[in-house]
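> Next one to model:
(chains A, B, C and D)
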There are 2 protein chains.
Amino acid sequence: MATKGIQSRNRQEITARILTAAERVFAEFGYAGASISRIAAEAGIPKSNVVYYFETKELLYRRVVGEIFDIWRAAADSITVDNDPIQALGDYIDTKLDLARTRPYGSKVWANEIIQRAPIVQDYLEDELRSWTEDRIVVIEAWIANGKIRPISARHLLYAIWATTQHYADFTHQITTLNEGVELTNRQWGETKSAVKDLLLRGVEKHGDA
Amino acid sequence: MATKGIQSRNRQEITARILTAAERVFAEFGYAGASISRIAAEAGIPKSNVVYYFETKELLYRRVVGEIFDIWRAAADSITVDNDPIQALGDYIDTKLDLARTRPYGSKVWANEIIQRAPIVQDYLEDELRSWTEDRIVVIEAWIANGKIRPISARHLLYAIWATTQHYADFTHQITTLNEGVELTNRQWGETKSAVKDLLLRGVEKHGDA
DNA sequence: ATGATTTCTGCACGATCGGTCAACATTTTT
DNA sequence: AAAAATGTTGACCGATCGTGCAGAAATCAT
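Here you go, the predicted structure:
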């Protein structure tokens, strides 16, 4: 089944191919439902070879989760005290919606992991996510203290942004079905960005009307 | 392991116990990861007895998904043309957040199913969910036409409400971890309702300031 | 009381799983 | 060129899975 001719020559390439395959399979079947042999088939190599590079299913899974976690973290770089709140939050929403479109599988893996109470990556939550979140909340509350935005709940604003942006990744299938069975077009993704920013940032802006 | 003394006497009771156990186990382990024997243990009966009442794992699963679907559908009864938009949407958000708290497992099962591209309940999406959604969009667009709310995207407003409310169910574990490891108190759930309505409905109201 | 029906349960089956291992191939180092 | 290190693979193991099934136990109908 696997076309052997396309075998990569070096470690870098082959581990990347395994990680890509693993992200999709973990997303579509869950941790328990994803089998190493399926990931291997998707990557076009034998099962034993996957085990050779990642030792165990759990270690491979941790790598996949770690990747999306790092990407999401970088997406919030614009959220700093010195930046304009609406601009910064708008950029954050745009970037996360781009990621929802380009990396939907990573988002789904994360969602699955949290739904199942983070049996594998609980340490991520307690260490990195917790401090990262507190830092962003401090920034948003500084914006409020400086009178730049309305006094909303910084924490729930973050949660709402996460929820809505990731919804377009995790629930892609539902959205597609409700879109007459066809994937969103470029135009529709543009409309989505506008609509989400319009809805969420209206509640943030100091003066209610543009 | 199972305390036989607490055996129910009639069909109604025992199937209800199985469904409750199944909802939790499917939520916490995914469809593939959930085993009938685990569900049986959770319900305090032998595995064979679960199979006796529900025949197959898939049929049991469909029953679980169908339940939460019906509950969610009823939660949107307030969304009609004659009702006040802010009141109706606010009630809808309140009800869905109550469900996020009281029935988090059902929400998680639904999320899992959609993430995995609805392999079991695709017919629900194409039949009931699609027409149901179109009906609500018609109502919201009538509100806009009547000048009762701002001209926002009805579809994306619905998606945003689904995303945020269900986020508090599906991502309970993440929220708890970010809440110093303890579940939200009654007071915090109240704050959550206010914050979500404040954020989302500001973008809907015609006049920006209360 | 007796027979019919429903409920309950242990056992066995084929399939699939994650992971080990030994044999083999290739590349790198000396 | 020989040795060492790294990469590749199929065969195999014990465990667990969903489900079929026969028969025991309980309930109901007559």
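
> contacting residues around the longest helix seen in chain A?
Longest helix of chain A, by residue count under DSSP state H: helix A:11-33. With contact meaning C-beta atoms under 8 Å, 6 or more residues apart in numbering or on different chains, helix A:11-33 is reached by A:7-8, A:34-35, A:38-40, A:42-45, A:49-50, A:53-54, A:60-61, A:63-64, A:67-68, A:104-106, A:108-109, A:112-113, A:116, A:119-120, B:29-33, B:112, B:115-117. Backbone N, C-alpha and C define where each C-beta goes, glycine included.

> Among those, which ones lie close to DNA strand C?
A:34, A:35, A:38 (C-beta under 7 Å from any atom of the strand).

> So which of those is surrounded by the most neighbours?
residue A:34 (25 neighbours; other C-beta atoms under 10 Å in any protein chain shown).

> show me the contacts for residue A:156.
Counted by C-beta under 8 Å, 6+ apart, residue A:156 has contacts B:191, B:192, B:195, B:196, B:199.

> ok, the fourth one - how many residues close by?
Around residue B:196 there are 27 other residues, counting by other C-beta under 10 Å.

> so what does the helix or strand hosting it touch, helix or strand wise?
Here residue B:196, judged by DSSP states H and E, is contained in helix B:186-202. Packed against helix B:186-202 by the contact rule (3 or more C-beta pairs under 8 Å, 6 or more residues apart in numbering or on different chains; DSSP states H and E) you find helix A:154-170, helix A:186-202, helix B:85-102, helix B:154-170.

> Quick one: mean pLDDT for the first one?
For helix A:154-170, mean pLDDT rounds to 98.

> roughly how far is that helix from the heart of the chain?
Mean C-alpha position of helix A:154-170 versus that of the full chain (C-alpha atoms, centre = their mean, to the nearest Å) differs by 10 Å.

> buried residues in the very next helix or strand once past that helix?
As assigned by DSSP H and E, the chain's next helix or strand after helix A:154-170 is helix A:172-177. For helix A:172-177, the neighbour count (16 or more other C-beta atoms under 10 Å in any protein chain shown) marks A:172, A:173, A:174, A:175, A:177 as buried.

> mind checking the SS state of the closest residue in space to the third one that isn't next to it in sequence?
Using C-beta to C-beta, 6 or more residues apart in numbering or on different chains and skipping residues adjacent in sequence, the residue nearest residue A:174 is residue B:114, 4.9 Å away. When the structure is reduced to helix, strand and coil (DSSP: H, G, I helix; E, B strand; the rest coil), residue B:114 reads as helix.
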